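> Mind folding the following:
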Amino acid sequence: MLKVLSPNGMINCEQHVTIEKNNSYKHMKNLLILTLAACFIFSCKKEEKVMAEVIKQELKTPFVWEGANLYFLLTDRFNNGNPNNDIVLDRTNKTAVLRGFKGGDLQGITQKINEGYFNDLGVNAIWMTPVVEQIHGSVDEGSGVTYGFHGYWTKDWTAIDPNYGTNTDLKVLVETAHKNGIRILLDAVINHTGPVTMKDPVWPNDWVRTGPQCTYKDYESTIPCTLVKNLPDIKTESNEDVSLPPHLVAKWKKEGRYKQEVAELDAFFKRTGHPRAPRFYIIKWLTDYITEYGIDGYRADTVKHVEEHVWQEFRNECDYAFAEWKRNNESLVLDNNDFYLAGEVYNYSISNGKAFDFGDKKVNYFDKAFNSLINFEFKWNAAQKPIEEFFQYYDSALHSNLKNYGVVNYLTSHDDGQPFDRNREKSFEAGTKLLLAPGISQIYYGDELARPINIKEANGDASLRSFMNWEMLSKNVKTQELLSHWQKLGQFRRDHPAVGAGTHHMISKTPYIFYRNYEKNEFKDRVVVGLNLSKGEKVIAVSTVFNDGEKLHDRYSNQNVEVKNGKVTITSEFDIVLLESLLKK
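Numbering: from 1, shown residues only. Alright, predicted model coming up:
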């Protein structure tokens, strides 16, 4: 590739022009002529930014969802960017430990994007818990008084909860993320409304059912039922026309937007021809966040508790909305990736392949609906399988039955009471296995800082949802060293699609060295990784990937080496090597 960029990203005609290796000499020659001509015509002054952007695009590594580095955070528990919205809607009841709103908001996330926290961690996609307006009251489900701080107790799908921020806050967040090369996934809930409280009436009975409660014995006892007591279940199977809930009508009129909302609904149902059934109202409301803000994807909640055809309908409307947003915002489009859908089918594992087994029925949620499903098996594989068997198992599954699809791997999550490392005693190992495994890596907020997830005073899943431990990062050297480890691995994954989306090949068992290879169209990417190596001097065999005389860079120790006799010699205090070519491919 041609590279004529100064450190600030501008073209400098006085700077030495270096031509790096390219598979297409003709393409490289054309770029050189184009660049030199531009420098001559515009004297490398007025059009520097334009040409810099052209070359930047030529050098850009493609974003590949199948190997993304996804950061999952609870909006309320990550960072408080605006203390003025900490207490709203009279949510002042005393709650159980970690069961009330704690101040995290959209501005806080944007603040950390601007500070470079996510870029330093190699994150190229962020998944946030739902930001829609939650029930105003609190409930006690047996674990203590709780508010909907987590975002899964919807009151109004068309509004952003004021504890999280405003429409403008979300718009700025998405725009800021995109400017930093980060995609945004919101969280979609179609299965249920929030619980019923004195402040939050039950939705009409043609919208929801309040019983029976699910027993989860088979397909039928998993869908047309409530997940738990007092969590009204949307009648997603219904095709009957229903009117807007009276409490929603009254709310919109009070807020002065009733006519606008109704006009938009009329236009939606006229365009689609869908019946005015409950699920289509919600699908319309959720896809509005695509057309209005340009979000890149959704993580769908409680997927197996909704009929599979509903997710195919959701997919179609998401695709339509994303295409509309791209047409209306051409200058803001990041790339030609489609809208992304990741699904939470509770207890799905990569071993299931495409079909989840209810016991009496198997359902394929991938075809015509989801790009990936969350992989509940990963934490067990990481703990129980030898490292090469572990990586090879995932490579085989993702490049056979799941080819062109993906899995979202995690070691810690917001509602999994059996995480990989509850006491945060293996955080370095966790980072290595998660960020180097084939598939999408899901960092749960604070994994990289060993955020405590074993809070004795907290009941149930609240223990997993403590506020982000920023104070440990500023004061604790060990926390800083841990973050550095996750940053090196995360940036390596982000910059090399081969890590998460490529094919896996072992070079040697002892020392343990492997390479990953990714090829699509004209883009090729290869990396070599060594794990559990001796500290000090180490000799790495790389002849199957790199040629003699080729200059390589070890991302982990930040040093350059040259291939000699099919090997490189690296001396460092680390037991990890992350090798990449200095020649852009």
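> Can you give me the separation between Ser466 and Gly417?
Look at Ser466 and Gly417: by Cβ to Cβ, to the nearest Å, they are 14 Å apart. Placement of C-beta: from N, CA and C, glycine included.
> Could you check which of these two has the larger neighbour count?
Each of Ser466 and Gly417 has its neighbours counted (other Cβ atoms under 10 Å); Ser466 has more, 20 against 11.
> buried residues in stretch 264-277?
For stretch 264-277, a neighbour-count test (16 or more other Cβ atoms under 10 Å) marks Leu265, Phe268, Phe269, His274, Arg276, Ala277 as buried.
> swap in stretch 329-344?
Buried-residue list, stretch 329-344, by 16+ other Cβ under 10 Å: Asn337, Phe339, Tyr340, Leu341, Ala342, Gly343, Glu344.
> same thing with stretch 211-223?
Neighbour-count burial for stretch 211-223 [16+ other Cβ under 10 Å]: Cys214, Tyr219, Ser221, Thr222, Ile223.
> Tell me who's in contact with the residue lying closest to the first one once chain neighbours are set aside.
Setting aside the residues directly before and after it, Cys214 is nearest to Cys225 in space (Cβ to Cβ, 6 or more residues apart in numbering), at 4.0 Å. Listed by Cβ atoms under 8 Å, 6 or more residues apart in numbering, the contact partners of Cys225 are Arg209, Gly211, Pro212, Gln213, Cys214, Thr215, Asp233.
> Could I get the contacting residues of the closest residue to the first one other than its chain neighbours?
The spatially closest residue to Arg209, leaving aside those adjacent along the chain, is Asp233, at 5.0 Å (Cβ to Cβ, 6+ apart). Residues near Asp233 by Cβ under 8 Å, 6+ apart: Asn191, His192, Val208, Arg209, Thr210, Pro224, Cys225, Thr226, Leu227, His305.
> cool, and Ser413?
Phe72, Pro419, Gln442, Tyr444, Leu464.
> Phe280 in helix, strand or coil?
Under the three-state scheme (DSSP: H, G, I helix; E, B strand; the rest coil), Phe280 adopts helix.
> no, scratch that, I was asking about Gly530
Put simply, Gly530 is strand when judged by three-state DSSP.
> That one contacts Val577, doesn't it?
Yes: counting by Cβ atoms under 8 Å, Val577 is a contact partner of Gly530 at 3.9 Å.
> before we move on, back to that, let me know the pLDDT of the residue nearest to Arg209.
Note on Asp233: pLDDT of 98.
> Domains in the protein, by residue range?
2-59, 65-497, 502-581 (automatic domain parsing).
> If you average the pLDDT over the lengthiest helix in the chain, what comes out?
Taking DSSP state H as the criterion, the chain has its longest helix at helix 308-328. The pLDDT scores in helix 308-328 average 98.
> returning to what we had before: got TSV for the buried residues of stretch 329-344, with secondary structure too?
Listed next are the buried residues of stretch 329-344 as TSV, based on three-state DSSP:
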residue	secondary structure
Asn337	coil
Phe339	coil
Tyr340	strand
Leu341	strand
Ala342	strand
Gly343	strand
Glu344	coil
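> quick one on the thing from earlier: give me whichever of the domains of the chain is most buried.
Counting by mean count of other Cβ atoms under 10 Å, domain 65-497 has the highest mean neighbour count of the domains of the chain, with a mean of 19.
> Distance from stretch 350-370 to the middle of the chain?
Distance, stretch centre to chain centre, for stretch 350-370: 22 Å (Cα atoms, centre = their mean, to the nearest Å).
> Kindly check the end-to-end length of that stretch for me.
End-to-end distance of stretch 350-370: 14 Å, with Cα to Cα, to the nearest Å as the criterion.
> List the contacts of the closest residue to Phe339 other than its chain neighbours.
Leaving aside its chain neighbours, Phe339 sits nearest to Phe322 (3.9 Å; criterion: Cβ to Cβ, 6+ apart). Phe322 makes contacts with Ile290, Asp338, Phe339, as judged by Cβ under 8 Å, 6+ apart.
> in the stretch 51-200 of the chain, what spans have low per-residue confidence?
Scanning the stretch 51-200 of the chain for pLDDT under 70 picks out 51-59.
> which residues of it fall in helices?
Assigned helices in the stretch 51-200 of the chain, in chain order: 75-78, 106-115, 117-120, 167-179 (criterion: DSSP state H, counting those that start in this stretch).
> Next, format the ones you listed as a markdown table and append distance to Thr61.
Listed next are those as a markdown table, based on distance: least, Cβ to Cβ, whole Å:
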| stretch | distance to Thr61 |
| --- | --- |
| helix 75-78 | 27 |
| helix 106-115 | 20 |
| helix 117-120 | 14 |
| helix 167-179 | 16 |
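> Which one of those lies nearest to Ala355?
Set against Ala355 and scored by Cβ to Cβ, these come closest in helix 75-78, at 33.0 Å.
> Go ahead and measure how far that closest one is from the middle of the chain.
With Cα atoms, centre = their mean, you get 15 Å for helix 75-78.
> Now do it: everything it contacts.
101-106, 108-109, 112, 128-131, 149-151, 163-164, 445, 465-468.
> what do you get for stretch 285-293?
157-158, 167, 170-171, 174, 186, 188, 190, 264, 295, 298, 314, 317-318, 320-322, 324-325, 328, 339.
> Tell me the secondary structure at Phe356.
Going by three-state DSSP: Phe356 is strand.
> what's the neighbour count on the residue nearest to Arg493 when sequence neighbours are not counted?
Nearest residue to Arg493, sequence neighbours excluded (Cβ to Cβ, 6+ apart): Val499, at 4.5 Å. Residues contacting Val499 under the criterion other Cβ under 10 Å number 26.
> Just to check, Val499 is in contact with Leu436?
Yes: using Cβ under 8 Å, Val499 makes contact with Leu436 at a distance of 6.5 Å.
> Find the residue at the geometric middle of the protein.
Leu70 (3.4 Å; Cα atoms, centre = their mean).
> Show me what that one is bridged to.
Beta-bridge pairing of Leu70 under DSSP bridges involves Ala125, Gln442.
> Against Tyr515, how distant is it?
24 Å.
> Alpha carbons of stretch 434-447, as PDB, please.
In PDB, the C-alpha atoms belonging to stretch 434-447 read as follows (Å, rounded to 0.1, in the frame of the first residue of the first chain):
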ATOM      1  CA  LEU A 434     -11.700 -14.400  25.800                       C
ATOM      2  CA  LEU A 435      -9.900 -12.000  23.500                       C
ATOM      3  CA  LEU A 436      -7.900 -14.700  21.600                       C
ATOM      4  CA  ALA A 437     -10.800 -17.100  21.100                       C
ATOM      5  CA  PRO A 438     -12.500 -17.500  17.700                       C
ATOM      6  CA  GLY A 439     -15.900 -15.700  17.600                       C
ATOM      7  CA  ILE A 440     -17.100 -12.400  19.000                       C
ATOM      8  CA  SER A 441     -15.600 -11.400  22.300                       C
ATOM      9  CA  GLN A 442     -18.000  -9.900  24.800                       C
ATOM     10  CA  ILE A 443     -16.200  -7.900  27.500                       C
ATOM     11  CA  TYR A 444     -18.700  -7.300  30.400                       C
ATOM     12  CA  TYR A 445     -18.000  -3.900  31.800                       C
ATOM     13  CA  GLY A 446     -15.200  -4.100  34.400                       C
ATOM     14  CA  ASP A 447     -13.800  -7.500  33.300                       C
END
